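> Give me a 3D structure for the following:
(2 chains)
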Amino acid sequence: MSNQVFEVFVISRRGEPARHVGSVVAPDSVLALHQAKETYTRRMECVSLWVAPRSAITTFTQEEEILFKVAQAKGYRQAGYFTRHSEQTADQGSA
Amino acid sequence: MLSETELQAWADDEFVVAHILSSHITEYTHLEECLAIGSFAQDELAHARSFYEYCGLRGRDLDRYIFLRTPDAFAVTPLATYQPGNFAELVVKQYLYEVLDRLRLDTAQKQATDALQTLLTTMRSEERMHYDHWIHWIRVLADSPARSRLESALEKVGAYCGLSNRSPAIWDAAWYQQAESELLAAGLRLGPPETGAEVAWQEPFATLIGRMQSIFREHPEVILG
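Model prediction:
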């Protein structure tokens, strides 16, 4: 019998998304659920509670966080961007 | 209808169970389990207070009722007074106690007036959480290297409550049958109730109550909170 870390998610009201509130350590998911209920929801409005083993969660590593750097401008997604960009570059060159 | 005597006896059980649970609140398996058990203890304490208040005991009168009564004036069941020596014993005690509470609730809700029904309905949802927790621990420990501790705990708690030497007149058949069948499903044995003398649980209970009441008895005039 070994303990695992379970991440805890609370749904405060019906229709709202589940929100991560913390974690618990427990031998299995049922006890994790019980412990999460008593730890995180005694004074919190809650209609449902999820627990999931941290080991079952797939995520990016810290080194991969650069993948989340969003381009400042996404003009390249618009039609005509490359034509306008080429024209602007040509104008700047001749100026 | 439930009598005041029956309600106060139930309250005494809930109070003592809460006191024992919370006395060792930092000593359980890990922090989250300590928090969960602390929460259960608060539930039991609230049930006790609600019953006492329903019977007209409030404020300082209630304080004096709890902290100045002699141990033999508490109308407790032996099981409620058991002081676990390890986690397996706690699991066994609490499981057996929650089986008893569930049966009490079933009976009480059939007899209760409207005023009491609201309290009993709240109790039922909280007690259900307690029961689910302890029966699950029974199953987890039964299927773990701690199984032998669980088996020892069943013998020890059983002996304390007189399970192995209790007369059929005292023993509650419904309680025994439910516990026996659920434990059997986990491959565990409760042990048969047999005729015999009652076990002496009163002395350790008297020590427990004496310790609990010591501060109040020294300073009964002090109002805390």
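> who in chain B is up against chain A?
Contact residues, chain B versus chain A (CB under 8 Å from any CB of the partner chain): B:30-33, B:35-36, B:38-40, B:129, B:132-133, B:136-137, B:140-141, B:144-146. For every residue, glycine as well, the C-beta is placed using N, CA and C.
> what about the closest residue in space to A:Tyr40 that isn't next to it in sequence, neighbour count?
Excluding its sequence neighbours, the residue lying closest to A:Tyr40 (CB to CB, 6 or more residues apart in numbering or on different chains) is A:Val21, at 5.1 Å. A:Val21 has 17 neighbouring residues, counting by other CB atoms under 10 Å in any protein chain shown.
> Is it correct that A:Val21 falls within a helix?
No - with DSSP: H, G, I helix; E, B strand; the rest coil as the criterion, A:Val21 is located in strand rather than a helix.
> Kindly provide the distance from it to A:Ala36.
Distance, A:Val21 to A:Ala36, by CB to CB, to the nearest Å: 8 Å.
> Also A:Arg42?
Distance, A:Arg42 to A:Ala36, by CB to CB: 11 Å.
> Could you tell me the per-residue confidence at the residue nearest to A:Tyr40?
For A:Val21, the model assigns a pLDDT of 95.
> check contacts around it.
Contact analysis of A:Val21 by CB atoms under 8 Å, 6 or more residues apart in numbering or on different chains lists A:Val8, A:Phe9, A:Val10, A:Tyr40, A:Met44.
> again, 10 Å this time
A:Glu7, A:Val8, A:Phe9, A:Val10, A:Ser12, A:Ala36, A:Thr39, A:Tyr40, A:Thr41, A:Met44, A:Cys46, A:Leu49 (CB atoms under 10 Å, 6 or more residues apart in numbering or on different chains).
> where's the nearest residue to B:Gln42 once chain neighbours are set aside, which helix or strand?
Excluding its sequence neighbours, the residue lying closest to B:Gln42 (CB to CB, 6+ apart) is B:Ala18, at 7.5 Å. Element membership for B:Ala18, per DSSP states H and E: helix B:4-23.
> Would you mind checking the average pLDDT for that helix?
94.
> Please state the offset of it from the chain centre?
7 Å (CA atoms, centre = their mean, to the nearest Å).
> Which positions within that helix qualify as buried?
Across helix B:4-23, burial judged by 16 or more other CB atoms under 10 Å in any protein chain shown covers B:6-21.
> Can you tell me which of the residues you listed is nearest chain A?
Top of the list for closeness to chain A, among the buried residues of helix B:4-23 and by CB to the nearest CB, is B:Leu21 at 12.5 Å.
> Overlap in contacts, A:Val21 and A:Ala36.
Here A:Val21 and A:Ala36 have A:Glu7, A:Val8, A:Phe9, A:Val10, A:Leu49 as joint contacts, going by CB under 10 Å, 6+ apart.
> Keep only those of the residues you listed that are in strands.
Mapping the shared contacts of A:Val21 and A:Ala36 onto strands (DSSP state E) picks out A:Glu7, A:Val8, A:Phe9, A:Val10, A:Leu49.
> hang on, the earlier thing: quick check: which of the contacts of A:Val21 has the minimum pLDDT.
A:Met44 (78).
> can you pull the contacts of that one?
A:Val10, A:Ser12, A:Val21.
> do B:Arg149 as well
Contacts of B:Arg149 by CB under 10 Å, 6+ apart are B:Asn86, B:Phe87, B:Ala88, B:Glu89, B:Val91, B:Val92, B:Leu141.
> Just the closest of the residues you listed to chain A, please.
B:Leu141 (7.7 Å).
> Quick check: which ranges of chain B have low pLDDT?
For chain B, applying pLDDT under 70 flags the ranges B:1, B:162-171, B:191-199, B:224-225.
> scratch that, chain A is what I was asking about
For chain A, the stretches flagged by pLDDT under 70 are A:1, A:70-73, A:85-87, A:89-95.
> again, only this time at 80
A:1, A:44, A:65-78, A:81-95 (pLDDT under 80).
> Chain B contacts on that one?
With the criterion set to CB under 10 Å from any CB of the partner chain, chain A comes near chain B through A:1-3, A:6, A:8, A:23-28, A:30-42.
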